[in-house]
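>>> Attaching a predicted model along with its sequence, questions to come.
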2 protein chains.
Amino acid sequence: MRNAALKADTSLQILDVAEALFSERGFSAVSLREIARQAGVVVSNVTYHHGDKIGILAAIYDRHTRPMNARRIELLGEARRIPDRADRLTAILRAYLLPAFTSSSDLMGGGTRFTRMRALLSAEGDPEAQRIIAQAFDQTTSQFIDAISECLPGASRGDIVWRAHFLLGALYYTLINPERIGRLSKGQITADDNETAIGQLVSATHASLIALSP
Amino acid sequence: MRNAALKADTSLQILDVAEALFSERGFSAVSLREIARQAGVVVSNVTYHHGDKIGILAAIYDRHTRPMNARRIELLGEARRIPDRADRLTAILRAYLLPAFTSSSDLMGGGTRFTRMRALLSAEGDPEAQRIIAQAFDQTTSQFIDAISECLPGASRGDIVWRAHFLLGALYYTLINPERIGRLSKGQITADDNETAIGQLVSATHASLIALSP
DNA sequence: GTCTATAGCATGATAGAC
DNA sequence: GTCTATCATGCTATAGAC
């Protein structure tokens, strides 16, 4: 009774463990046995709560996409009210990236863990996982591309889509390979610093977009 | 006797099949059995020629890295002789990207297949594979960063490393997810076109780098 | 809701005949 | 150099007792 508030629901406990493992090693490389062991339950307990393995992934998406997209749309609304086009573009890019690093909900680990999991999933190419990814995010992304277009009179939508595509690739690669940038710069940079990564992503993408508007 | 020139060496035949499969689905998701079946041999024949599974990957790297890096250094040497800094930067970026798409050797499939395999490997995070990746390419990359630095007086090396890091992420993401850009732009763009992808990568990265030089 | 037990199958690797 | 046969292990998923 005294520990009722501390005792996490088993179903949620399994999701936490699975999310941590998926964000470290991807989907197929993580076994139900390992999830069960780290969650302190037996394998059949995992499938009891979430059906099959892809059901675990669907549940993780379910609890993240809604608050993350809501936060993005909220920040996007604020950004669109900035009059100066260059400043507005910066705010739009930050509105897209911030929720990917810091979750708006109280889910532990912030958004970085979830975003890194998505990066690994996008590379794995599992057909069932790809279906979950696509339907969850492309719709929100289109709204951002519309907002970016309004900052760049004369730029073609096709070019903007390519730049946005590159932004996502750069974001994912940074989360997947955080140690690589330290190796190349001889240890002077650490990509673990989220704020630095966001700033670099924003300024690089800003420059690549501004160049499209004559 | 008559077909001696047509009969490919079994060892090479296995490498061709493995490379095609690894570039489609990554390393761990491809089984020795599938490689053997598509190569028309039995499983034990694969391990006879290349030792264990990681040995196949090492052999694939062995036959690609040398010609690809040689071609890069050759094109880089030509680029560095261009006097105008902005034009030189464009040439340097193309010197980095072109060998990643079109191999200099006569290996079938061009460089795209090998580069896509590297993209998938970088996301998979297999420790043994990571070791092979790192030692093969970071050295060449450093030479390119030096050349880029010379085009951008006043820019910090750290900022340049970040931009180059983003370029690799954008390249990999484009090769991993070629259909996504078509979906976002409502079918007006196809990322299958290598020349378009190279052009977009070059101009986006060029703009992000030029912005660093005051 | 949690457990034990196991079915049914795929995997990487190796031994040994030819 | 190529084959058959097999080992030891891992996997997802399910049945059924409590």
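Yep, that arrived.
>>> List the buried residues of stretch A:193-204.
Residues A:194, A:197-198, A:200-204 are the ones in stretch A:193-204 that count as buried (16 or more other CB atoms under 10 Å in any protein chain shown). (Glycine included, C-beta is placed from N, CA and C.)
>>> contacts with chain B among the residues you listed, please.
Among those, the ones lying near chain B by CB under 8 Å from any CB of the partner chain are A:200-201, A:203-204.
>>> Pull the helix or strand bottoming out on mean pLDDT in chain A out as CSV, backbone CA atoms only.
Every helix and strand in chain A was compared by mean pLDDT, DSSP states H and E; the lowest is helix A:180-184, with a mean of 80. What follows is helix A:180-184, C-alpha atoms only, in CSV (Å, rounded to 0.1, in the frame of the first residue of the first chain):
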residue,chain,number,x,y,z
ARG,A,180,32.2,10.0,-34.8
ILE,A,181,32.3,13.8,-34.8
GLY,A,182,34.6,13.7,-31.8
ARG,A,183,36.9,11.3,-33.6
LEU,A,184,37.2,13.5,-36.7
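>>> does chain B sit close to that helix?
Yes. Counting by CB under 8 Å from any CB, chain B has neighbours in helix A:180-184: A:180-181, A:183-184.
>>> Can you flag the buried ones in these?
Neighbour counting with 16+ other CB under 10 Å marks A:180-181, A:184 as buried within these.
>>> so where is chain A shaky, pLDDT-wise?
In the predicted model of chain A, residues A:1-8, A:103-110, A:138, A:189-192 satisfy pLDDT under 70.
>>> can you map out the strands along it?
With DSSP state E, there are no strands along chain A.
>>> what's the longest helix in it?
For chain A, the helix that runs over the most residues, judged by DSSP state H, is helix A:53-80.
>>> Tell me if that one is near DNA strand D.
Yes. Counting by CB under 7 Å from any atom of the strand, DNA strand D is contacted by helix A:53-80 at A:53-54.
>>> now for that helix, which elements pack on it?
Under the contact criterion of 3 or more CB pairs under 8 Å, 6 or more residues apart in numbering or on different chains; DSSP states H and E, helix A:53-80 touches helix A:10-25, helix A:43-50, helix A:85-101, helix A:110-124, helix A:127-151.
>>> Now do that helix against helix A:110-124, angle only.
120 degrees (axes from the mean of the first three to the mean of the last three CA atoms, to 10 degrees).
>>> Show me which positions of helix A:53-80 end up buried.
Neighbour-count burial for helix A:53-80, counted by 16+ other CB under 10 Å, picks out A:53, A:56-61, A:63-65, A:67-69, A:71-72, A:75-76, A:79.
>>> What values do phi and psi take at A:Pro153?
Phi and psi for A:Pro153, reported as degrees, to the nearest 10, are phi -60, psi 130.
>>> hmm, who's touching stretch A:73-85?
Identification of contacts with stretch A:73-85 by CB atoms under 8 Å, 6 or more residues apart in numbering or on different chains yields A:88, A:91-92, A:94-96, A:98-99, A:140, A:143-144, A:147, A:150-152.
>>> scratch that, stretch A:111-129 is what I was asking about
A:19-20, A:22-23, A:25-28, A:54, A:57, A:60, A:64, A:68, A:99-103, A:107, A:130, A:133, A:137, A:171-173, A:175-176, A:194, B:25-26, B:29, B:119-120, B:123-124, B:173, B:176-177.
>>> Just the buried residues out of these, in PyMOL syntax.
Entered in PyMOL, the line below selects the buried ones among the contacts of stretch A:111-129, by 16+ other CB under 10 Å:
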select buried, (chain A and resi 19+20+22+23+25+26+27+28+57+60+64+68+99+100+101+103+107+130+133+137+171+172+173+175+176+194) or (chain B and resi 25+26+29+119+120+123+124+173+176+177)
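>>> State the distance from the residue nearest to A:Ala136 when sequence neighbours are not counted to A:Arg71.
Distances taken as CB to CB, 6 or more residues apart in numbering or on different chains put A:Thr65 closest to A:Ala136, at 4.6 Å, once the chain neighbours are dropped. Distance from A:Thr65 to A:Arg71, counting by CB to CB, to the nearest Å: 11 Å.
>>> circling back: need the residues of helix A:180-184 next to chain B in CSV (columns: distance to B:Ser208).
Shown next, in CSV, are the residues of helix A:180-184 next to chain B (distance: CB to CB, whole Å):
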residue, distance to B:Ser208
A:Arg180, 18
A:Ile181, 15
A:Arg183, 21
A:Leu184, 17
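>>> Among the residues you listed, list the two that are farthest apart in space.
Farthest apart among the residues of helix A:180-184 next to chain B by CB to CB are A:Ile181 and A:Arg183. That separation is 7.3 Å.
>>> For DNA strand C, see how far away the residue positioned nearest the centre of chain A is.
For chain A, the residue lying nearest the average C-alpha position, counting by CA atoms, centre = their mean, turns out to be A:Thr115 (2.5 Å). For A:Thr115, the distance to DNA strand C equals 29 Å [CB to the nearest atom of the strand, to the nearest Å].
>>> do the same with A:Asp159
To DNA strand C, A:Asp159 is 42 Å away according to CB to the nearest atom of the strand.
>>> list the contacts for that residue?
A:212, B:200.
>>> again, 6 Å this time
Counting by CB atoms under 6 Å, 6 or more residues apart in numbering or on different chains, A:Asp159 makes contact with A:Leu212.
>>> same check, this time on A:Cys151
A:85, A:88-89 are the contacts of A:Cys151 under CB under 6 Å, 6+ apart.
>>> can you rerun that using 8 Å?
A:85-86, A:88-89, A:92, A:209, A:213.
>>> So which bits of chain A are right by DNA strand D?
Residues of chain A that fall close to DNA strand D, judged by CB under 7 Å from any atom of the strand: A:30-34, A:43-44, A:47, A:52-54.
>>> Just give me the closest of those to DNA strand C.
Ranked by distance to DNA strand C (CB to the nearest atom of the strand), the residues of chain A next to DNA strand D are led by A:Ser44 at 3.5 Å.
>>> I'd like the distance between A:Ile92 and A:Gln143.
Distance from A:Ile92 to A:Gln143, by CB to CB: 10 Å.
>>> More neighbours: which of those two?
Set A:Ile92 next to A:Gln143 and count neighbours by other CB atoms under 10 Å in any protein chain shown: A:Ile92 wins out with 25 against 14.
>>> In this structure that one contacts A:Ile148, no?
Yes. Counting by CB atoms under 8 Å, A:Ile92 touches A:Ile148, with 5.9 Å between them.
>>> Just give the closest residue to A:Leu175, not the sequence neighbours.
A:Arg116 (4.3 Å).
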